[in-house]
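> Model the structure of this input:
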Amino acid sequence: MTKSRLAFFYIAFYCAMAIFLPYWPVWLAGQGLDAGEIGIVLALGMGMRLATTPLVGQIADRRGERRSVPLVLSSGSLLTCALFGISNGFWPILAVSIAFAAFWNPLAPMSETLTVAVSRAEGFEYGRIRLWGSISFIVVAVGAGRLL
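Sure thing, here's the model as predicted:
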């Protein structure tokens, strides 16, 4: 059962990434942000990776809660992502983007750590689980591109 849950996580995570990465700047432009504002939103989102990922990893290590942290990060990502639907203009979008990035950015490394630890403990191959994320990313990125 653990393998199935981890595979499902990778499918869901990388499907979201396949839509988010290539089309995020396009959505921002559609919301009326100019090139400079889009650059700021993207840069601060990436900058949050530098701030939050090591901090979240340290908290997870200290508490020994590697399983619950990805759940909290996923939930926070979903809730903050929903706020984009009611965010209009540069400053609200920037604020939501920073909050979203604080949850989203540490999610991949924390889930990778969990998957490696569980695969070692339960004796299955990490690559077979992670493969589902890669396949999902490719299929959804191509599919979303064709759909749009």
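
> pLDDT wise, what is the residue most central in space within the chain at?
With distances taken as CA atoms, centre = their mean, the residue of the chain nearest its centroid is Trp104 (3.9 Å). Listed pLDDT for Trp104 reads 96.

> Find the nearest non-adjacent residue to Phe137, please.
Once flanking residues are discounted, Phe137 sits nearest to Tyr14: 4.1 Å by CB to CB, 6 or more residues apart in numbering. From N, CA and C alone the C-beta is placed, and that goes for glycine too.

> Quickly find the element holding that neighbour.
If you go by DSSP states H and E, Tyr14 is part of helix 2-30.

> quick one: the helix or strand just after that helix to chain centroid distance?
From helix 2-30 onward toward the C-terminus, using DSSP H and E, the following helix or strand is helix 35-63. Its chain's average C-alpha position is 11 Å from that of helix 35-63, according to CA atoms, centre = their mean, to the nearest Å.

> go on, stretch 10-21?
Counting by CA atoms, centre = their mean, stretch 10-21 comes out at 7 Å from the chain centroid.

> same question, stretch 104-115
Distance, centroid of stretch 104-115 to centroid of chain: 9 Å (CA atoms, centre = their mean).
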